[in-house]
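K.L.:
need a structure here:
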Amino acid sequence: MRSLKVRFALLLGSTALLVVLAALGVLGSIGAAERTIDRTLAAQGRLELLVELSGRMTQYGLAALEAVSNPDAQPEGLSIARTNVDRALVAVDEALGHSIVASDDPLDRTQYAARARPMAQLRSARAILDRQVAQVLRRSEDEQRRSAIRGALNGFGAMTGQPLSFLIEVERRSMIAGSDAARDLSATLRVASLAAVAAALAIVFGLYRAVTRPTLARIESMRQAASAVGRGELDTRLSVATRDELGLLVANFNRMAARLARREGRLAADRAALEDTVAARTTDLRAANARLEAVDRSRRRFFADVSHELRTPLTVILGECDIAARSAGRPGTDFAPVFATIRKRALRLQRRVEDLLRVARSESGQIELDRRPVRASLILMDAVDGMASEAARRRVSLVLEPIATDATVLADREWLRQVLESLVDNALRHAAGLTRVTLALAVAPGGPATVTVTDDGPGFPQTGEALFERFRRESPSGETGFGIGLALARWVVERHDGTIRLGAGPRDRGAQVVLALPATLPIASDDDAASASHRIEKETTA
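P.N.:
Below you'll find the model as predicted:
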C-alpha cells in the first residue's frame, strides 16, 4: 500500500467492522436473553394462575358443601365461587394462548396441545360438579344430600387432581428449562466474548504492526530532523523511502531546509550590511548631536544679542530724555530735535521688537503672511531708510541705485522690508573693511522683479546650504548679531514664491545676494524713487 489514506482507511474500516460485529453480537445476546427470560416469566405466570385456579376450585367445592349442608344459607356464595372458577379458567386459557401466539417453535405448539386437554377436563369437572350440586339440592333428606355431595366432591377431586398436577408439573419444568437455557446462554456469551476480544486484539495488533508503528517511526524521524533544523543544523536531510503522503512531506521538508540554508546565507550578508549601515547612521547621529549642541549654543548667544539690540536704542532714548529734563528750565530751548531723535529711536526699537516677534512666530510655525499688491521700489526705500542711521554710524555708504522700471508684487511689505534690512545688517556687521552697500531693482519684460544687495567686503567665506542654517554665523570681523538673517530671508522669499541665492559681486569682488520675486505688473519709475535714492545716498555719506 503506497498511500497513507488507504492504510488509515483500512484501519478505520477494520475498527468499524469490529464495532459493528460487537454490536450485532450484543444485540443478538440481548435478544436471546430476553426471549429466555420471557419464556421463564411466562411459565411462572401460568404456574401462579394454575395455583390460583386450584384454590378457586377448592373454594367452589367448599361453597357447594356449605350450600348442601345448610339449605337456608344464601345461594350467592356458590354463585360467586362458580364465577371465580370460571374467571380463573379463562385467565389460564388466555395465558396459554399468549404463549402459543408469541412463539413459532413447534415444541411450544405441542406443549400447548398437551395443556389444552387437561384444561378441558377441568372445565367438564366444574360443569359436572355444578349439575350434581343442583341435583343434590333438590333432594329433601339431609342425610342423602350430605352423602350425595361427598360423593360428588370426591368425584370432582378425582377429576381435577390429575389434570392440575399435570399442568403444574409442566409449567414447573418449563421454568426449570428456562433457567437452564439462561445459564447455558450466559456461558455461551462468556466464551463468545472472550473469543471476540481475542480476535479484536489480534486484528488491532496486526494493524499496529503493519500501519501505525511504521508511520509513527517516520513521524518521529521528522520531528528529530525538525528539532535539528530549529537548532541551526540546516544541512539536515531525510531519506525519501516511500511515495505516499509522508514521502511527499519529507521531500518538502528537504526543500524547505535547503531554502532556509540559502536564506541564512543571505541573512548573514544582510546582517553585515545592516551593521555597516547602523555604524554609518550612528556616526551621522553623533554629527547631528554635535550640530544640535552648536545650535543650542547659538540660541544662547541669540538671547544675549537680543538684549544688546534692545539696550542700544533704549540708552539713546533715556539719554535724550535726560538732556530734555536738564534743559527744561532754560528759556528759548528747542526740544523738537530731542523729540525727533526719541521718536526715531522708539520707532527703530518698535521695529526691532516686531522683527523679533516675527522671528519667534516663524520659529513656532504660527506666522501668516499678509500679501497685498505693493510697489517693489517702496519696499526697497523702506529698508534703506530703516538702515540709514546704522550705516552712517558705521561710516558705510548705503546706496539705492536709481530705479528705471518699477514693478508691482503681491507681497507682505513688512516681511520683505525686514528681509532686506536683515541682509543689509548682515553686511554691516559681518563684512570686514566694508565701505559701500548697494541695493538695486531690475525688472525684465515678462520676468520677475530682481532685487540685489551688493557690498564691497571680503565676500562670503562659503556658499551653499550651510549659510542658510538657523543661528549659523560666519563673521571674520567678530561682530555679533541674531544669526538668523539668511535662514529667515530664504523662508520668507520662498513663501512669496520667489528664490534667493548667494554669490560674488561684480568682478568677483565683495558679496551679492539676489532675490527674484514674481512681478504682476511692471511700471515706469517716477521721480520719487530717483529723489529718494539721491536723498538716502546723501544721508548715509554725510
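K.L.:
from here on, just use CA atoms for contacts and neighbour counts.
P.N.:
Fine.
K.L.:
spatially nearest residue to A88 (excluding sequence neighbours)?
P.N.:
L53 (5.1 Å; Cα to Cα, 6 or more residues apart in numbering).
K.L.:
unless I'm mixing things up, the one you found is touching V85, no?
P.N.:
Yes - taking contacts as Cα atoms under 8 Å, L53 lies within contact range of V85: 6.5 Å.
K.L.:
count the neighbours of the residue nearest to A88 for me.
P.N.:
L53 is flanked by 23 other residues according to other Cα atoms under 10 Å.
K.L.:
check V19 too.
P.N.:
By the criterion of other Cα under 10 Å, V19 has 13 neighbours.
K.L.:
can I assume it sits in a helix?
P.N.:
Yes - with DSSP: H, G, I helix; E, B strand; the rest coil as the criterion, V19 is part of a helix.
K.L.:
do you know how far it is from V6?
P.N.:
V19 is 20 Å from V6, where distance means Cα to Cα, to the nearest Å.
K.L.:
just the pLDDT for P522.
P.N.:
Confidence at P522, expressed as pLDDT, is 65.
K.L.:
just H308 next, same as before
P.N.:
H308 carries a pLDDT value of 58.
K.L.:
and stretch 393-406, how far from the chain's centre?
P.N.:
71 Å (Cα atoms, centre = their mean, to the nearest Å).
K.L.:
for that stretch, measure first residue to last.
P.N.:
30 Å.
K.L.:
just to revisit the earlier point, if I look at the residue nearest to A88, how far off is A81?
P.N.:
Separation of L53 from A81 (Cα to Cα) stands at 11 Å.
K.L.:
try A442
P.N.:
Taken as Cα to Cα, the span from A442 to A81 is 152 Å.
K.L.:
could you do A287 as well?
P.N.:
130 Å.
K.L.:
what do you get for P118?
P.N.:
Counting by Cα to Cα - P118 and A81 are separated by 21 Å.
K.L.:
as a check, name the ranges of all helices in this protein.
P.N.:
With helices called from DSSP state H, the chain shows them at 4-69, 76-101, 106-138, 142-207, 213-230, 245-326, 336-364, 376-393, 413-430, 485-495, 527-540.
K.L.:
out of the ones you listed, the one nearest R509 is which?
P.N.:
helix 413-430 (13.7 Å; Cα to Cα).
K.L.:
chain center to the closest one: distance?
P.N.:
Counting by Cα atoms, centre = their mean, helix 413-430 comes out at 59 Å from the chain centroid.
K.L.:
for that helix, packing partners?
P.N.:
helix 376-393, strand 449-455, helix 485-495 (3 or more Cα pairs under 8 Å, 6 or more residues apart in numbering; DSSP states H and E).
K.L.:
output the ones you listed as TSV; include the columns distance to A432 and mean neighbour count.
P.N.:
Shown next, in TSV, are the helices and strands packed on helix 413-430 (distance: least, Cα to Cα, whole Å; neighbours: other Cα atoms under 10 Å):
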stretch	distance to A432	mean neighbour count
helix 376-393	14	20
strand 449-455	11	23
helix 485-495	18	20
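K.L.:
any chance of JSON lines for these, columns distance to T438 and mean pLDDT?
P.N.:
Below are the helices and strands packed on helix 413-430 laid out as JSON lines (distance: least, Cα to Cα, whole Å; pLDDT from 0 to 100):
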{"stretch": "helix 376-393", "distance to T438": "10", "mean pLDDT": "88"}
{"stretch": "strand 449-455", "distance to T438": "5", "mean pLDDT": "92"}
{"stretch": "helix 485-495", "distance to T438": "18", "mean pLDDT": "80"}
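K.L.:
export these to a markdown table and append columns for distance to V191.
P.N.:
Shown next, in a markdown table, are these (distance: least, Cα to Cα, whole Å):
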| stretch | distance to V191 |
| --- | --- |
| helix 376-393 | 122 |
| strand 449-455 | 119 |
| helix 485-495 | 105 |
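K.L.:
indicate which one of the ones you listed is closest to Q512.
P.N.:
Among the helices and strands packed on helix 413-430, strand 449-455 sits nearest to Q512 (Cα to Cα), with 4.4 Å.
K.L.:
now the angle between helix 376-393 and that closest one, please.
P.N.:
Orientation check (axes from the mean of the first three to the mean of the last three Cα atoms, to 10 degrees): strand 449-455 against helix 376-393 gives 10 degrees.
K.L.:
strand 449-455 pairs with which strands?
P.N.:
Strand pairing for strand 449-455, using DSSP bridges, gives strand 436-443 (antiparallel), strand 511-517 (antiparallel).
K.L.:
dump the last one to CSV, restricted to CA.
P.N.:
The C-alpha coordinates for strand 511-517 follow below in CSV (Å, rounded to 0.1, in the frame of the first residue of the first chain):
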residue,chain,number,x,y,z
ALA,A,511,29.3,89.6,-1.8
GLN,A,512,25.9,89.7,-3.5
VAL,A,513,22.5,88.4,-2.5
VAL,A,514,19.9,88.1,-5.3
LEU,A,515,16.2,87.9,-4.6
ALA,A,516,13.8,87.0,-7.5
LEU,A,517,10.1,87.7,-6.9
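K.L.:
mind listing what's buried in it?
P.N.:
By neighbour count on 16 or more other Cα atoms under 10 Å, the buried set for strand 511-517 is A511, Q512, V513, V514, L515, A516, L517.
K.L.:
list of residues touching it?
P.N.:
Contacts to strand 511-517, defined as Cα atoms under 8 Å, 6 or more residues apart in numbering, come from residues 409, 423, 448-460, 493, 496-505.
K.L.:
go on, the longest one?
P.N.:
The set of residues that contact strand 436-443 without belonging to it, under Cα under 8 Å, 6+ apart, is 376-377, 380, 396-407, 424, 427, 449-456, 519, 522.
K.L.:
please spell out the segments of the stretch 251-400 of the chain that come in under the pLDDT threshold.
P.N.:
Regions of the stretch 251-400 of the chain meeting the criterion pLDDT under 70 cover residues 298-299, 301-313, 315-316, 328-335, 348, 351-352, 354-367.
K.L.:
on that earlier part again, possible to save the strands paired with strand 449-455 as a markdown table with mean pLDDT and distance to A269?
P.N.:
What follows is these, written out as a markdown table (pLDDT from 0 to 100; distance: least, Cα to Cα, whole Å):
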| stretch | mean pLDDT | distance to A269 |
| --- | --- | --- |
| strand 436-443 | 93 | 59 |
| strand 511-517 | 91 | 50 |
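K.L.:
V136: which of those is closest?
P.N.:
When these are ranked by proximity to V136 (Cα to Cα), strand 511-517 comes first, at 158.3 Å.
K.L.:
and that closest one with helix 413-430, angle?
P.N.:
170 degrees.
K.L.:
relative to helix 485-495, how tilted is strand 511-517?
P.N.:
Using the same axes, to 10 degrees: strand 511-517 against helix 485-495 is 20 degrees.
K.L.:
could you check stretch 433-440 and say which residues are buried?
P.N.:
L434, T435, R436, V437, T438, L439, A440.
K.L.:
any idea what the last one is bridged to?
P.N.:
Following DSSP bridges, A440 is listed with bridge partners T452.
K.L.:
any idea how far it is from E275?
P.N.:
55 Å.
K.L.:
go on, the fourth one?
P.N.:
Taking Cα to Cα as the measure, V437 and E275 are separated by 53 Å.
K.L.:
do the same with L216
P.N.:
45 Å.
K.L.:
do the same with M57
P.N.:
117 Å.
K.L.:
neighbour count for the two, which is higher?
P.N.:
M57 (24 against 12).
K.L.:
so which of the helices and strands packed on helix 413-430 comes closest to T188?
P.N.:
Closest to T188 of the helices and strands packed on helix 413-430 is helix 485-495 (Cα to Cα; 108.0 Å).
K.L.:
packing partners for the closest one?
P.N.:
When contacts are defined as 3+ Cα pairs under 8 Å, 6+ apart, helix 485-495 packs onto helix 413-430, strand 499-504.
K.L.:
quick one on the thing from earlier: show me the contacts for the residue nearest to A88.
P.N.:
Taking Cα under 8 Å, 6+ apart, we find L53 in contact with V85, A88, L89.
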